[in-house]
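J.: Sequence and predicted structure are below.
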Amino acid sequence: MNPLIHINNLHKIFRIPREKRDTLKENIVHFYRRTGTEDFHALKDVNLSVQPGEFIGLIGKNGSGKSTLLKIMARIYRQTKGEVYVNGTVSPFLELGIGFNGDLSARENVYLNGIILGLSRKQIDAKYKSIVSFAGLEDFMEMKLKNFSSGMQVRLAFSIAATIDADIYLCDEVLAVGDINFQKKSLNTFVDLKKKGKTVVLVSHDLDAIRKFCTRTVLLDKGRIIKEGKTDQVVDYYVQHSD
């Protein structure tokens, strides 16, 4: 069986300025002085394959490269070196609400965000009621989005992403969005995805959720994969070796 995601010898380097200049005055005063940059190696020699129907967990400390790896899979970032093959349609639960416009109504943003995620207007028409119902925002859809709380915006964004019928779902810390009732809905969404045999890559610090959902888990540290395999074994190793 061919993998839906195949990553070979992946490296990602970010160039970070040595000197931060925020204001116009600072840029004018120091116009002729080069700031220079430093290389930050976010990912180093990562090799990973994800088979159809796998539910994979990515764990590790903050700054270990988990979210960067997910964004490369989603084609948000480009790798510095190496090969990345993603064979199938992708629903990204990353930076929920990206592309939202605060001056548009919530209803208009459903269509805007849905189109950004690859849905046609006809598909959004068919899914609109279920999106709004899932988000629990029936009474607020004509309100401008800038008047929404951050929690309401995230609920709406999650609800849109959850309606997409994709081959691969890439999820970054999405199980903690919204209030406790919405979190239960979110968990049920992932229960359904697992029952349907969908392919999911989940980044989370919630190790109980990783144990519950993931058939295989990958542990990253300082941009490298240091352990992968059965979820319980990898999570136990992570807990035992955490500072």
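T.: Looks like it arrived, so ask away. Numbering: from 1, shown residues only.
J.: how about the helices of the chain, start to end?
T.: Using DSSP state H, the helices assigned to the chain run over residues 24-29, 66-73, 106-116, 121-135, 150-162, 180-195, 207-213, 231-240.
J.: and the closest residue to residue 227 other than its chain neighbours, how many residues sit next to it?
T.: Among residues not flanking residue 227 along the chain, residue 219 sits closest, at 4.4 Å (C-beta to C-beta, 6 or more residues apart in numbering). Heads up, the C-betas are built off the backbone N, CA and C, glycines and all. Residues contacting residue 219 under the criterion other C-beta atoms under 10 Å number 22.
J.: How about residue 129?
T.: Residues near residue 129, counting by other C-beta under 10 Å, number 10.
J.: Give me the domain ranges for the protein.
T.: For the chain, the structural domains run 5-89+166-240, 100-164, going by automatic domain parsing.
J.: Present those domains as JSON lines; the columns should include mean pLDDT.
T.: Output for the domains of the chain, formatted as JSON lines (pLDDT from 0 to 100):
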{"stretch": "domain 5-89+166-240", "mean pLDDT": "87"}
{"stretch": "domain 100-164", "mean pLDDT": "91"}
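J.: For the residue nearest the centre of the chain, which non-adjacent residue is spatially closest?
T.: In the chain, the centroid-proximal residue (C-alpha atoms, centre = their mean) is residue 94; its distance is 2.9 Å. Residue nearest to residue 94 in three dimensions, not counting chain neighbours: residue 172, with 4.9 Å by C-beta to C-beta, 6+ apart.
J.: That neighbour: what's it in contact with?
T.: Residue 172 makes contact with 66-67, 70, 93-95, 203, according to C-beta atoms under 8 Å, 6 or more residues apart in numbering.
J.: Among these, which one sits closest to residue 194?
T.: Closest approach to residue 194 among the contacts of residue 172 (C-beta to C-beta): residue 93, at 14.7 Å.
J.: distance of the residue nearest to residue 94 from residue 152?
T.: As judged by C-beta to C-beta, to the nearest Å, residue 172 and residue 152 stand 20 Å apart.
J.: Next: residue 67.
T.: Taking C-beta to C-beta, one finds residue 67 at 24 Å from residue 152.
J.: Phi, psi for residue 139 please.
T.: Dihedral angles of residue 139 (phi, psi; degrees, to the nearest 10) stand at phi -90, psi 0.
J.: how far away is it from residue 118?
T.: According to C-beta to C-beta, residue 139 and residue 118 sit 29 Å apart.
J.: The two: which has the busier surroundings?
T.: Neighbour tally, residue 139 and residue 118, criterion other C-beta under 10 Å: the higher count belongs to residue 118, 12 against 8.
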